Each structure stands twice: as structure tokens, then as C-alpha cells.
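# Could you work out the structure for the sequence below:
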Amino acid sequence: MAIEKLVLEHPADMERGDFTFVSHSTNPQDDFESLNSKKLPEIEKIELANGRFINIFLTEQFFTDVITEVVEKGDDYGKSNLLDGQKIFIEHTQQNPFKEFHIGHLMPNTIGDSVARIIKANRAETKVASYHGDVGLHVAKAVWGKLQKPEVSWGEAYAYGASQYEDNKEKIVEINKKVYDRSSEQINNLYDTGRAESLESFEKIYLKLDSHFDFHFFESESGKLGQEIVSKNIGKVFEESEGAIIFKGENFEPKTHTRVFLSKEGLPTYEAKEVGLAKIKKEKWPDYTQSITVTANEQDSFFDVAEVTIGEIFPELRGKLKHLSHGMLKLKEGKMSSRTGNIITAESLIDQVKEKIKEKIDDDKIAEEIAIGAIKFSILRQAIGGDIIFDFDTSISFEGDSGPYLQYAAVRANSVLEKANYTTKSPTPRVTLSVGWKTTDLERMLYRFPEVVETAYKEYAPHKIVSYLLDLASRFNSFYANEKIIDESDPASPYKLALTQAVATVLKNGLYLLGIKVPERM
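Next comes the predicted model:
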């Protein structure tokens, strides 16, 4: 009897095998016998359990070969050719000049950076971009605030301008017009200085976060282009309504709604700017196959309409646009607002966590790497979409569910290798049962890493890598506690060192995909 569809899974309990298959045939014994008769050399045995579960056990030699593969491939272990030939844009962070880079920006930055790294690991060509609102009412509020209080920072100037907006609306709106038409030398000088200072400060934070961008796009460019595109498509895609230009989304896609693209004053809205941005991306990288935008889930309805609109104007982009939405990063005080100035900057959060780390490790560089790892782990540990409540004490724990725990496991593995003077150039022995060694769960976990990386892309789920690494680290720590790894009298010691090297490699590779560094020591 032939099995029409073989769906293999990893059993939760590794004692039940390396793969399991649930037979839904009227006679599972037939499926079992069919599989057993075609058993591959890599399979040690196949068992039928509880009537329907067919459990598959791989050989000792198979897992020894896996260790060899990990050590030989090094940084490349875990990569696949799943996306070979694909060209993917990833847009994230999108912080606006004249505002503070606050902890809310850490969400799209951490998620977007990790997704980009995972996509690259699956061999896609990628371009990473950030999109900045360098024009608009928020800029006018900041400029007005700076005129009133020249001594304050631009973030403080914006917060002050926003708080005084209702009482000074006409003056701020007038500044907004001057920013757009460049009609005032004084406003131009303030704007140019503030924009440059903001972008320079952002670069410093990118460097600290180890976050890299290929392109920076700006609303000052996309707005004018979007305005032209919308105007040219009135009567085709857009229509006039009470002086404004709108897109009736429900006429094109029932699940969407109507939104304004040009205001009554003829100015482009965020929606029109998104159309302009689509054109800019297309010109920068004409043959990209997908564009992923990472933003907060409060923009879901905006992107629902924007994607339909862009698809009507640029039919070749239909199906290529994806909005990956996330929740908010909150402290116990709740959601922050840059309009009131009641915010915590990303840098200040990193510094606060770093100070707590320095109570344990008195090294500024290492403490910062651990602090950033703790914050990124807190963001990536759960599925993208929900809010994150950042807890200082839990995030910096060296035990259990935390970034420092994973970093410490990697540092521990590296310290063993350093003590043994072991390098990847050392020969990787193929240990057999004759030396009294029995394959452990570590080998089985290492084998699964490339599969986890593929799943993390397919489901846009960095948390799958987090869960995997926590499991791997836990099993390695048990191995470390129960085995004497360096022992010249033990014929299995070289293999244990190779296994430790493989664990160190996978921990480093996995943490890299999360944007987390492995410190030199802890």
C-alpha cells in the first residue's frame, strides 16, 4: 500500500523518535510496513506506537555527520536556498526627524532587522530601507517650538510646540506652508539644521543597535510625487468629494474603505505619500519581487487601503506588498506619547538596562551588548502582533527566559573551547558506540536549526528562533553540568568538544538572526 501524503513532524518527546507520522489509513499497519520496507540508510528503526503513530529514529552516524557539517559550515550553517532568486525590500523603523528616537521605535527596528536577517539567511537578495516624515505639521510644531525656546533639543521643541498648538495654530500652520515652499530663509535654516541633526543622531543609534539600511526615503520626496500621481489618476482611480480627492476603496475591494489622498488645499495626505513611495521604490529597484513594511498594528487599515490603491495604479505591484504589523512596547506606566514629551528615548532605556547589568559585569562594552540583547529578546520572544510589556528584572536575568541567558550559554561554550584550545580547524572525529557514547538530545536539536530558520521566514516568526535557542541552551547547560568535556583520558572528549563547537556555532548564528551579539565574556 502506498502512502499518498506523508506529513512528518518532530515529536515533543525525543524518546519517541526524530520524526513521527500519524497514519489516517484504515490499516496503519500497512503504512508502517510500507515505510519499513523502504527504510533509508540514515534510519535506525521505525516503530508503530499507540495504533497510529509511526515513529522514525535516525542513526548515530547520521547525527555524528550533522556535527561535522555544523563545524565545517560555521557561519553558513542554518542558511538555505529557499528564497534563491527572490529580491525583497524590507522597510522598518520609520522614525521622524525633529522627534526623539523613543522606545516605541525599538519595536519596528528590532522586528524589521531580524526579519531582514532571516530573509537573507534563506538566500534572498535584500534591500533594507527606512522612511522618514521630514515634512508635515509635526515639523512645523518643532520649528515653532525652537523659535520660542532656542536652547532646547529638537525633541523637546516638538513636544513644546505640540502642547501649545491649539493656542498658536495659525502661526504653526503658516510655518508649515513655509517649510513646504521654502519661502523663508529663517525657517529654511532652522529646518535644514534640525533635519541634519536628527538624521545624524539616528545614525548613532543605528550603530549602537547594529542596524543597517541601504536606503533612506523621505516624505519631502514622496509627497510631491504622490500628489502628481494622484492628480493624473482622477477619474480613473480617484474622485473628487467636497473639494478633496478620495479613493473609494470599497468599490475596488469590499473589505476596505474610503480615504482622502489630497486635502481640500490640494496637499498630499499620508496615503498619497505612500503612493509616491511605491513609485520611488520601483525606480530604485525595478525588479523586486516583494516589499515588506513593518509598522505598528494601529496602521493596519491604512495599509489595507494603500495596498489596494497602489495595485490599481501600478498593476505590476499587485500581490507584492505586505504589511507586517506589530504591537506596542510599553513600560508599566503604559503607552508613551511624543506629543506630551512624556517619553523614554531608546538610548535612555539602553542606558538604564546597562546600569543594572553593570552591577554584575563591570565592563561598559559588554554591559551594553547584554543590555541591547535583553531588550531585543524581550521584543522577539513572542509572536509579532501583540503588545510587549518590558520588565527590567526579568529581561536581565541570567537564568531562564532572557537574552542574557542565551548569551551566557554561548559564552560558556566558547570558554570551554578556548580552555581546550579547540578551533574549527581541529579534526572532527566520528564517534561510534564503541567508545561508549550515546547520541544526546543536543545532536537532535542541532539538526533542526536550518528547518527552524526556514519556518521563521515562512511564518514571519523570529520567536520560533527564540524558542529553539532557549531549548538548545537549556540542553547544553545540562550537558555541561553532567559531562566532563575536556578529559585527555576519555576517548569521547574530542567528540564532546566538537559537539560543544557545534552548539556554540548554532547559538551564535541564531542570536545573529535576532540581532543579538555574543559578548567576549560574561
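# show me where the stretch 301-450 of the chain has helices.
Counting by DSSP state H, counting those that start in this stretch, the stretch 301-450 of the chain has these helices, from start to end: 346-357, 364-380, 392-395, 403-419, 441-458.
# Mind checking these for the one nearest to residue 44?
Closest of the helices of the stretch 301-450 of the chain to residue 44 is helix 441-458, at 12.3 Å (criterion: C-beta to C-beta). C-betas here are computed from N, CA, C, even on glycine.
# List the buried residues in the closest one.
By neighbour count on 16 or more other C-beta atoms under 10 Å, the buried set for helix 441-458 is 441-450, 452-454, 456-457.
# who's in contact with that helix?
Here helix 441-458 makes contact (C-beta atoms under 8 Å, 6 or more residues apart in numbering) with 10, 14, 18, 63-64, 66-67, 70, 77-80, 82-83, 118-119, 121-122, 461-462, 464-465, 468, 471-472, 475-476, 479, 499, 502-503, 506, 509-510, 513.
# that older thread, please work out which of the helices of the stretch 301-450 of the chain is packed deepest.
Ranked by mean neighbour count under mean count of other C-beta atoms under 10 Å, those are led by helix 364-380, which reaches a mean of 23.
# From the contact counts, what lies against it?
Based on contacts counted as 3 or more C-beta pairs under 8 Å, 6 or more residues apart in numbering; DSSP states H and E, the elements that helix 364-380 packs against are helix 106-121, helix 185-209, helix 346-357, helix 392-395, helix 403-419, helix 462-482.
# Can you lay out these as a markdown table showing mean pLDDT?
Putting these into a markdown table (pLDDT from 0 to 100) gives the following:
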| stretch | mean pLDDT |
| --- | --- |
| helix 106-121 | 98 |
| helix 185-209 | 96 |
| helix 346-357 | 93 |
| helix 392-395 | 87 |
| helix 403-419 | 97 |
| helix 462-482 | 97 |
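# right, and those helices - which one's nearest residue 272?
When these are compared for distance to residue 272 using C-beta to C-beta, the nearest one is helix 185-209, at 21.2 Å.
# count of neighbours near residue 386?
Burial of residue 386, expressed as a neighbour count using other C-beta atoms under 10 Å, amounts to 11.
# Let me know how buried the closest residue to residue 470 other than its chain neighbours is, in neighbour terms.
What sits nearest to residue 470 in space, not counting adjacent residues and going by C-beta to C-beta, 6 or more residues apart in numbering, is residue 401, at 6.5 Å. Neighbour count for residue 401, taken as other C-beta under 10 Å: 15.
# before we move on, what about residue 421?
Burial measure for residue 421: 9 neighbouring residues, criterion other C-beta under 10 Å.
# How much space separates it from residue 13?
Going from residue 421 to residue 13 by C-beta to C-beta, to the nearest Å gives 38 Å.
# Then residue 292?
Computed as C-beta to C-beta, the residue 292 to residue 13 distance reads 36 Å.
# higher neighbour count, these two?
It is residue 292, of residue 292 and residue 13, that has more neighbours when counted by other C-beta under 10 Å, with 20 against 9.
# Please, where are all the strands along this protein?
When secondary structure is read from DSSP state E, the chain shows strands at 8-9, 19-22, 43-49, 53-58, 87-91, 125-132, 215-218, 239-241, 244-248, 258-262, 290-296, 321-326, 329-330, 388-389.
# With mean pLDDT and distance to residue 206 as extra columns, can I get these in JSON lines?
Below are the strands of the chain laid out as JSON lines (pLDDT from 0 to 100; distance: least, C-beta to C-beta, whole Å):
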{"stretch": "strand 8-9", "mean pLDDT": "84", "distance to residue 206": "40"}
{"stretch": "strand 19-22", "mean pLDDT": "86", "distance to residue 206": "42"}
{"stretch": "strand 43-49", "mean pLDDT": "88", "distance to residue 206": "48"}
{"stretch": "strand 53-58", "mean pLDDT": "89", "distance to residue 206": "43"}
{"stretch": "strand 87-91", "mean pLDDT": "98", "distance to residue 206": "14"}
{"stretch": "strand 125-132", "mean pLDDT": "98", "distance to residue 206": "9"}
{"stretch": "strand 215-218", "mean pLDDT": "97", "distance to residue 206": "10"}
{"stretch": "strand 239-241", "mean pLDDT": "96", "distance to residue 206": "41"}
{"stretch": "strand 244-248", "mean pLDDT": "97", "distance to residue 206": "34"}
{"stretch": "strand 258-262", "mean pLDDT": "97", "distance to residue 206": "32"}
{"stretch": "strand 290-296", "mean pLDDT": "97", "distance to residue 206": "15"}
{"stretch": "strand 321-326", "mean pLDDT": "97", "distance to residue 206": "19"}
{"stretch": "strand 329-330", "mean pLDDT": "87", "distance to residue 206": "18"}
{"stretch": "strand 388-389", "mean pLDDT": "90", "distance to residue 206": "21"}
